[in-house]
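Undergrad: coordinates for the following, if possible.
(one chain, ligands or ions: 3)
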Amino acid sequence: MEPEASERPKDLVLEFPMGAIADPYRAHLHHIIPIDFNSVQKLPESHVWHDKSHESLFGVPSADPLPVPVIDLMDSEASSLMIQACETWGIFQVIGHGLTKFMEDVESEAEKLFGLPVDQKLKALRSPGGATGYGRPHISPFFDRHMWQEGFTIMGSPIDHAKQLWPQDYQGFCDTIDDYQNQMKALAEKIIRIFFKSLNINFEELNWLNDSGLSSPGTALQLNSYPPCPDPTRAMGMAAHTDTSLVTLVQQSKTSGLQVFKDGVGWVLVQPVPGALTVNLGDYLHILSNGMYTNVLHRAVVNQQIQRFSMAYFYAPPRDFTVSPVLSRVTGQMPKYRSLTVKEYVDLKGKHLEKALSLIQI
Ligand SMILES: C=C1C[C@]23C[C@@]1(O)CC[C@H]2[C@@]12CCC[C@@](C)(C(=O)O1)[C@H]2[C@@H]3C(=O)O
Ligand SMILES: O=C(O)CCC(=O)C(=O)O
Ligand SMILES: [Fe+2]
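TA: Ligands and ions are numbered 1, 2, ... in the order given. Now for the predicted structure:
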């Protein structure tokens with residue numbers, strides 16, 4: 001199963017024998033940049049995805065008569081439309097947020113970042129156990145093939161890594177990223193308050209949602225680049241997953257690639273609407289709502305012509321927050337999940353990925 005040496009592109013570092021089951025405890029190897037994508041003419045065996053669920057993607061696209069909802073935040077019905085969207089889809093796009101300028105700025109910084117030569121990028125890798133820097137998606141050890149993707153994760157300020165990349169000229173990047181994260185945080189909190197209200201959660205009491213400084217939410221910004229791929233029908237941009245968040249705000253560049261799985265329909269493309277932000281519901285809102293709100297299963301596919309970017313802002317409660325199916329208390333339903341802290345859930349997900357939820361099912 002090892003690719004031929006001739007197929008092995010420059011800078012490809014094989015982390016484990018191809019075909020072996022990936023070991024989630026090998027997290028320390030995440031940071032290695034696998035490939036200089038520009039030098040690859042033929043999809044290496046190490047990047048060929050064979051699994052059945054992937055094949056279904058490349059057949060006839062699912063013809064769902066209803067596209068992913070697009071909601072205007074200025075609409076007086078916006079809150080109830082969001083709630084409806086999350087009972088059925090677990091995802092919607094928002095317009096009317098007034099953040100277009102920040103979105104344009106961050107996209108041009110992402111283009112600059114991923115356009116650097118590989119030897120430059122190597123100066124800003126995510127260190128073993130570190131949070132910020134270039135590296136593979138955290139979920140990659142669960143898969144025995146590499147994704148056709150490059151990522152740069154940011155937790156807090158990217159200043160140390162930016163200084164490595166642009167010693168004289170790092171401030172512009174840092175300012176853009178800081179402004180973007182501040183704006184995304186405010187929007188995420190606005191959306192979360194709508195959902196918490198619907199779940200009868202008294203958010204006034206949650207100091208992390210009210211910036212009272214006692215504890216802070218867990219946030220991260222993930223910049224993704226999907227270079228043009230020589231064989232897109234056999235490659236995977238970002239493997240199917242649900243987000244470990246309350247909500248994730250995703251900015252897609254013009255080129256489509258994000259797909260969501262809808263029960264009874266299959267994989268559906270989230271057609272980028274110019275200026276829109278996609279809102280994904282993550283695992284924590286699914287648990288809090290006792291399963292009423294869908295934690296949307298999604299993935300990214302690649303194409304042969306155009307490099308695609310996405311910027312995903314994750315918002316989660318603090319690590320000591322207890323996530324419990326509060327809705328069951330309100331409605332008198334049986335709780336479907338046991339209560340656990342964010343820290344416990346993150347640990348479970350790190351070991352079991354999508355099986356984490358079934359492990360806490362009652
Ligand atoms: C806050 C987080 C969510 C994330 C893991 C992380 O700690 C930082 C990176 C995030 C990301 C981005 C790409 C997809 C994803 C599944 C991954 O591998 O890393 C998500 C993680 C997640 O939602 O579990
Ligand atoms: O590229 C995309 O559209 C999706 C990215 C994503 O799901 C993520 O970063 O969690
Ligand atoms: Fe995601």
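Undergrad: what's the residue of the stretch 1-150 of the chain found nearest ligand 2 in contact with, if anything?
TA: Ranked by CB to the nearest ligand atom, the top residue of the stretch 1-150 of the chain for proximity to ligand 2 is Pro137, at 7.2 Å. (C-beta placed from N, C-alpha, C; glycine too.) Residues in contact with Pro137, defined by CB atoms under 8 Å, 6 or more residues apart in numbering, are Met147, Gln149, Gly151, Met238, Ala239.
Undergrad: what's the neighbour count on the second one?
TA: I take that to be Gln149. Per other CB atoms under 10 Å, the neighbour tally for Gln149 reads 26.
Undergrad: quick check: pLDDT value at it.
TA: At Gln149, the pLDDT value in this model is 95.
Undergrad: what separates the closest residue to ligand 1 within the stretch 201-350 of the chain from Gly266, distance-wise?
TA: Nearest residue of the stretch 201-350 of the chain to ligand 1, counting by CB to the nearest ligand atom: Thr244, 3.4 Å away. Per CB to CB, to the nearest Å, Thr244 is found 24 Å from Gly266.
Undergrad: quick one: which of those two has more around it?
TA: Per other CB under 10 Å, whichever of Thr244 and Gly266 has more neighbours is Thr244, with 23 against 18.
Undergrad: pull out the buried residues from stretch 273-286.
TA: For stretch 273-286, the neighbour count (16 or more other CB atoms under 10 Å) marks Gly275, Ala276, Leu277, Thr278, Val279, Asn280, Leu281, Gly282, Asp283, Tyr284, Leu285, His286 as buried.
Undergrad: among the residues you listed, which lie within strands?
TA: Of the positions in these, Leu277, Thr278, Val279, Asn280, Leu281 sit in strands, assigned by DSSP state E.
Undergrad: show me the contacts for the second one.
TA: Going back to what we said before, that points to Thr278. By CB under 8 Å, 6+ apart, the residues touching Thr278 are Val68, Ile91, Phe92, Gln93, Val94, Leu249, Val250, Gln251, Gln252, Leu258, Val270.
Undergrad: give me the number of residues near the fourth one?
TA: Think Gln93. Per other CB under 10 Å, the neighbour tally for Gln93 reads 22.
Undergrad: next, it: phi, psi?
TA: According to degrees, to the nearest 10, the main-chain angles of Gln93 amount to phi -110, psi 140.
Undergrad: after the lowest-mean-pLDDT helix or strand in the chain, next one along is what?
TA: Of the helices and strands making up the chain, the lowest-confidence element is helix 52-57, at a mean of 52, by mean pLDDT, DSSP states H and E. Counting by DSSP states H and E, the element after helix 52-57 in chain order, helix or strand, is strand 70-72.
Undergrad: of all the residues in that next one, which ones are buried?
TA: By 16+ other CB under 10 Å, the buried positions in strand 70-72 come out as Val70, Ile71.
Undergrad: which elements pack onto whichever strand or helix holds Ser79?
TA: Here Ser79 sits within helix 78-88, counting by DSSP H and E. Secondary-structure packing of helix 78-88 (3 or more CB pairs under 8 Å, 6 or more residues apart in numbering; DSSP states H and E): strand 70-72, strand 91-95, helix 171-198.
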